[in-house]
Structures are given as structure tokens and as C-alpha cells.
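Novice: no FASTA, just this:
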Ligand SMILES: Nc1ncnc2c1ncn2[C@@H]1O[C@H](COP(=O)(O)OP(=O)(O)O)[C@@H](O)[C@H]1O
Ligand SMILES: [Mg+2]
């Protein structure tokens, strides 16, 4: 599903260059539930941005579902995200003026699905995350856990192949965190590939495989894998 | 551009969030449009008022009269007076550039004593010898009966067409003047038609007290023999009034032995020239109004642009999230443009409506007094349409910079946690 060959990315601050990803090689198979771990500033979010086609990378190759993702226009990237990818964020990122149902329906709006149709589907997905009764509540009337479940329903509605979650439990207490992870497990069981960024061991333990980032490189693999780390020095 | 309920929902959410700020900027735009409409309406009123004085005069017409000569010529002294006659009429009619040549004679008018009598009622009116073609050069509305016709001219009939003031003075309110006789300088004329005043100013007042009789009857009844007072001429459509006027003056100078370089002897007034001057003046005024109006409006539009910039900035994260969820740059741009357009349009429409309402009020207040300098200060459909397109263009301009700022927002904003 996801194949990374020697991905490199640097941020430019003024004249100086700050390398964040220094040659990432990884292979995430279809239906896998993977977590990316690493200390703060190790480049987890940066990597997730690249994987989610939210950001470009400088060199290397990124294959998503067999197609090379490189030098896409903004519009092409938007279409790809809309059709293949789902996102769950640490701060939920629900639109404040839309109720739960409308928030869930939003990705379908960009697919030009009619309002009636997408709201109907949104209700179904809200039901899946157990929030059908909250469909007409604004985000401000929901708890953190509920908001994240709405966000998950929103990520699911476009029938994505991969869902990316950047610290999805970062703003939640441990019980709701576990609830969210259970939800993810269920989603993964339906065959959707899941990539979760976290720095909590409890969370990563619930995934199939952990990718550890350190100084812009993948350091060890906890489970059996075919991926080989290449340490590229002085490049 | 997809316009969905979601677009509106977002627009209203934004407006609600910035109620005071949005209201204030909308007031700015409304004021701009209001001023533009009021000024254009006032300009129109002035134009209508001034042009009304020329109401119905063919724009390619001119008048010719006589004045004492100012140059000696062919043994004749300067300061000589002369009079036009029927032979001049024929000579002018032969010119190919002339469309209608109307010789004119008049009794009464300024500082004259009572010349029209009916029973015990008397009045001083402008009694004019006219040709039927006259109304093709200077429009006269006939409200009752008819104007003069060729048969009246041929038979030198003693009939007349009178203005409203004449009717008022000589007839009782409930009396029908048609078929009645009035006495002009001792000669009886039957009333066959009644005119209405169709232009403002002093000209309108003169029209009101006009009595038109056949030109031939006039010459015979009042011992004018073959004399002609002055000419009202309409040029052919393919020549300018100025050119036709020059040709006519040349012919008359020749016939009356006037020095070719005597610029005074043949008095003349050219509608085409005056009309052109006034048109130029009013076009200038209108241009000025647009410049000032659009300037005012621009201030309002900049205000809206500013508000939209704040909105885009406040919602950077939201825009990033939408981008992450699949919003294309086009989606983002159209939302911002729609929002700017909507705010501008509502404000502009309010200004337009208020402007038109005020003009209508003003119109009722002024009324339709004859001879007012300022009449009918309304905006016509074309002004309203122009104002509306200005609003739309303004809205698009207002949205342009914020929209560009919005598309520049990167989808990674969605992941950024403060
Ligand atoms: N837009 C950016 N411009 C410059 N530096 C950035 C930017 N985003 C992230 N960084 C830097 O890159 C490094 C990796 O960031 P990030 O991927 O967010 O780490 P993590 O998510 O693992 O905490 C950090 O040192 C961060 O300061
Ligand atoms: Mg991070």
C-alpha cells in the first residue's frame, strides 16, 4: 500500500537548511495497523504529512497503492486525499459552525455528493462510532472523546484505503484513548490500512507494528519485517 | 462554482462571528453606492431640467432672424435694417441641405398690449403665423382637436390652435373652446386645436400662451403682405445643422446684399451646436460623478477586503483542514469570493434601494413644476444596472486578495498544533 524509498525532506529557515527526514525506507502493506513512534521533534508529523500528501518531499520515491506520488499539483493532491486517504488529528479539527453530521459529511461535499445523500451517509457513519444521537450537536457541545469519534467517522466516510492519525489520543484521557484505539482496531479489521503517530507506548502496543523514528531515520523494527534501514551518512 | 447550502452556512457563520465589523464595512459599501446613485440621479435631474427647456426641438435645427448690418456693402451703409420675405423661403427651400423651412411671423408677446379678445375677456398672447411642418421641428403636443394643415395654408383659413394659458384666460373652466371664436387684432378665428406645454423654462411659458394661425392667413389678415419675421429650419439628416446653417446664411446674405464677412446681420441660433455643448457638459458631470462615486465605493470595498483578510487569517486552520479533506484550491477561492461578493451585494443593494427611495422622495417633493431647473431626478434602469455591475465588480475585487491569501494556505496547517 505504502512504499518509501530513501525519502528525504528538509525545512529551510532563512538560508539554513534543517534536515528532518534523512532517508526513510518503509513498506506498509495493505490492511496493516502501524504506529510511528519517536521523541518530540524526531520528524513524525513531517513523515505523516508526506505520507498524507499534505506536503512534498525533496528526494526519494513514495508509492501509494502502486502509483508514484511526486510533483502533484494542489488540485491533484486534493483529489487523491479525498479519494484514498482519511485523516484524524490530535486537535480533532472539526469545523465549529457545522454540527456533527455536517462535519462527517464534509469530505463528500468535495466529491459533489448531494447534501441529502451525504447527510444520510454521515448519519450511518455516526452510528458506527456510536454518536447517532449527537448528530445535530455542534462540536462545542461534545466531549473530547466524542469529537475524536466524529473525526474518525469523517475520516471513514470517503471510504479511504489508508487512514492517517497524528497523535489521535494526545488530547484525550486514558479511558477515552482506549475507546478510540478500539474503534481503530475495528476499522482495521475491515481491511483499512492505519498509520498512527504517537509517543505513548500503551497506544503503540495496540498496533501490529511500530516504526521508530530517531534523528530523521527509522531505527529498529520490533516485528519481523522485510524493511532494511539504510543509514545514509554525510549526504 | 458550486453554490451549496454549505457555502451559505459558512458565510453566515463568518458574518455572525464578526457582526459589528461586518456591519460597519457593509455600511461603507452601502454609503458608497447610495452616494453614487444620489449623485447620478441629481445629475440626471439637472440634465432633464436643462434639456427640458429644449424639449422637442429637433437637434439638427436652427433659427435665423435679422439684425441691423454692421458692414457697408455694395454702396449700402452699415446699420441698415432689412426684412425677409416669401422669396427667401423659396430660395432656402431650393438648398439641398434643407429638410424643413418654416417661415415665422408673430404678433404680440413681450411688452405688447392686449391683442386677443373673447367677449369681455382679453389677453396678450403670442400670435404666430405657422406652417403645419412646424411641429416636425419643434414638437407640440395636441391635446384636443388638431394642428394646422396644408388646406388651412392654401385656403388662408381663419382658424387657430391655442395654448393652455390662452384657454385659461379666455374660456371658463367647463367650457369647450373647440369651435369657438376668438378675436385677434379685430379678426375672428375659430379654435380647432389645443396644445400642451411639453418643455420647461421660459420657452414652456411662451408655448402656453401661443396662438398658432396659418402663416398665409397671418400675412393677409395682419397686412404683413409677403414679409417673414424669421426662419425655423431643420437640416437634412445627412448634413450637420452647422453646415446647413452656413449655407442658408450665405444665400440670405447674397439676396439681401449683406457683406459676406458681416457676422451680425443674420442672427442665428443653432440647436445642434447648443445641444452638443450641453451634452458635453453633462457627460463631463457624469464622468466626475462616476470618479467620485467609485472613489467612495472603493473605500468600502477595501473595508470588505480587509474583513475578508481577517476572516482568512482567523480560519487558517479550518482552511487547512478542508484542504486535507479534499478541498481543491478552486473550492477555497470560490468560497472566499462568494463570501466577499455576498457581503458586497447585500450592502450594495441596500445602498441602491435607499438611493432610489430617496430620489423618488425628492422627485415627489419637487413635483413637476413647469420650468424647474431640476426635474425628474430619477435613476433609470441603466443607472441601476451600472451600479449593480459596479457592486459585483467591487465584490470580486474585495475577494481577490483574501482569496489569494486563502489558497496559499497549505494543508499541513491541519496537522499543526499550537
Ligand atoms: N514548517 C516547518 N518549518 C521549519 N521547521 C519545522 C517545520 N515543521 C517542523 N519543523 C521542525 O522539524 C522537526 C520535526 O518536526 P515534527 O515532524 O513536527 O516532529 P514531531 O511530530 O515528531 O514532533 C522539528 O524540529 C520541528 O521544529
Ligand atoms: Mg508532531
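Specialist: Received the coordinates, thanks. All figures in this text were calculated on a predicted structure; none of them were measured in a lab. Ligands and ions are numbered 1, 2, ... in the order given.
Novice: Quick one: the strands in the stretch 251-400 of chain B, in order.
Specialist: Using DSSP state E, counting those that start in this stretch, the strands of the stretch 251-400 of chain B run over B:266-270.
Novice: Looking at it, what residue ends up closest to ligand 1?
Specialist: residue B:320 (12.3 Å; Cβ to the nearest ligand atom). The C-beta positions use only the backbone N, C-alpha and C, and glycine is treated the same way.
Novice: Can you tell me how far the nearest residue to that residue once chain neighbours are set aside is from residue B:63?
Specialist: The spatial neighbour of residue B:320 that comes closest, neighbours along the chain excluded (Cβ to Cβ, 6 or more residues apart in numbering or on different chains), is residue B:413 at 2.8 Å. As judged by Cβ to Cβ, to the nearest Å, residue B:413 and residue B:63 stand 77 Å apart.
Novice: Can you tell me the element residue 81 falls in?
Specialist: I'll assume chain A. Using DSSP states H and E, residue A:81 sits within helix A:74-84.
Novice: ok, and what's touching the helix ranked longest in chain A?
Specialist: Using DSSP state H, we find that the single longest helix of chain A is helix A:174-189. By Cβ atoms under 8 Å, 6 or more residues apart in numbering or on different chains, the surrounding residues in contact with helix A:174-189 are A:31, A:33, A:129, A:143-145, A:148-149, A:152, A:156, A:163, A:165, A:168-169, A:172, A:194, A:196, A:200, A:202-203, A:206.
Novice: Name the residues of it that are buried.
Specialist: If you call a residue buried by 16 or more other Cβ atoms under 10 Å in any protein chain shown, then helix A:174-189 has these buried ones: A:176-181, A:183-184, A:187-188.
Novice: Show me which of those residues is closest to residue B:23.
Specialist: Taking Cβ to Cβ as the measure, residue B:23 sits nearest to residue A:176 out of the buried residues of helix A:174-189, at 41.2 Å.
Novice: Which pLDDT value does the model give that closest one?
Specialist: On the pLDDT scale, residue A:176 is placed at 92.
Novice: Please determine how far it is located from residue A:170.
Specialist: 12 Å.
Novice: Let's verify residue B:154: helix, strand, or coil?
Specialist: Assigned state for residue B:154: helix (three-state reduction, DSSP: H, G, I helix; E, B strand; the rest coil).
Novice: Provide a list of residues in contact with it.
Specialist: By Cβ under 8 Å, 6+ apart, the contact set of residue B:154 is residue B:216.
Novice: quick one on the thing from earlier: after the longest helix of chain A, next one along is what?
Specialist: strand A:193-197.
Novice: between that following strand and helix A:174-189, how many degrees?
Specialist: With axes from the mean of the first three to the mean of the last three Cα atoms, to 10 degrees defining the directions, strand A:193-197 sits at 150 degrees from helix A:174-189.
Novice: Report the strands that pair with strand A:193-197, each with its relative direction.
Specialist: Sheet pairing of strand A:193-197 (DSSP bridges) gives strand A:33-37 (parallel), strand A:162-166 (parallel).
Novice: got a list of contacts for the last one?
Specialist: Read it as strand A:162-166. Applying Cβ under 8 Å, 6+ apart, the contact partners of strand A:162-166 are A:1-2, A:44-45, A:48, A:51-52, A:64, A:84-90, A:155-156, A:184, A:187, A:192-197, B:415.
Novice: Now do the same for the residue most central in space within chain A: its pLDDT.
Specialist: Of all residues in chain A, the one closest to the mean position by Cα atoms, centre = their mean is residue A:164, 1.1 Å from it. With respect to pLDDT, residue A:164 scores 95.
Novice: same question, residue B:112
Specialist: 59.
Novice: In chain B, where's the longest helix?
Specialist: Ordering each helix of chain B by length in residues (DSSP H) puts helix B:271-314 first.
Novice: Now look at it and say if it contacts chain A.
Specialist: No: Helix B:271-314 is not in contact with chain A by Cβ under 8 Å from any Cβ of the partner chain; minimum separation 11.0 Å.
Novice: Show me what that helix is packed against.
Specialist: If you count contacts as 3 or more Cβ pairs under 8 Å, 6 or more residues apart in numbering or on different chains; DSSP states H and E, helix B:271-314 packs onto helix B:19-52, strand B:61-66, helix B:241-255, helix B:329-366, helix B:381-407.
Novice: Any idea which of those gets closest to chain A?
Specialist: helix B:329-366 (5.0 Å; Cβ to the nearest Cβ).
Novice: I'd like to check the angle between the closest one and helix B:19-52, please.
Specialist: Using the same axes, to 10 degrees: helix B:329-366 against helix B:19-52 is 50 degrees.
Novice: the inter-axis angle of helix B:329-366 versus helix B:271-314?
Specialist: 140 degrees.
Novice: List the buried residues in helix B:329-366.
Specialist: For helix B:329-366, the neighbour count (16+ other Cβ under 10 Å) marks B:329, B:331-352, B:354-356, B:359, B:362-363, B:366 as buried.
Novice: of all the buried residues of helix A:174-189, which comes closest to residue B:151?
Specialist: Within the buried residues of helix A:174-189, proximity to residue B:151 (Cβ to Cβ) peaks at residue A:187, which comes in at 102.0 Å.
Novice: confidence score at that closest one?
Specialist: For residue A:187, the predicted pLDDT is 94.
Novice: likewise the one 10 residues further on?
Specialist: According to the prediction, residue A:197 has pLDDT 94.
Novice: what's near enough to touch it?
Specialist: Taking Cβ under 8 Å, 6+ apart, we find residue A:197 in contact with A:35-37, A:44-45, A:47-48, A:164-167.
Novice: and it, bridged to which residues?
Specialist: Going by DSSP bridges, residue A:197 forms beta bridges with residue A:36, residue A:166.
Novice: ok, back up a step: save the helices and strands packed on helix B:271-314 as TSV, and put in mean pLDDT and distance to residue A:210 too.
Specialist: What follows is the helices and strands packed on helix B:271-314, written out as TSV (pLDDT from 0 to 100; distance: least, Cβ to Cβ, whole Å):
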stretch	mean pLDDT	distance to residue A:210
helix B:19-52	85	49
strand B:61-66	92	98
helix B:241-255	92	96
helix B:329-366	88	36
helix B:381-407	86	37
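Novice: export these to TSV and tack on distance to residue B:224?
Specialist: Below are the helices and strands packed on helix B:271-314 laid out as TSV (distance: least, Cβ to Cβ, whole Å):
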stretch	distance to residue B:224
helix B:19-52	33
strand B:61-66	14
helix B:241-255	18
helix B:329-366	43
helix B:381-407	49
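Novice: okay if I get these as TSV plus distance to chain A?
Specialist: Converted to TSV, these look like this (distance: least, Cβ to the nearest Cβ, whole Å):
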stretch	distance to chain A
helix B:19-52	14
strand B:61-66	64
helix B:241-255	62
helix B:329-366	5
helix B:381-407	8
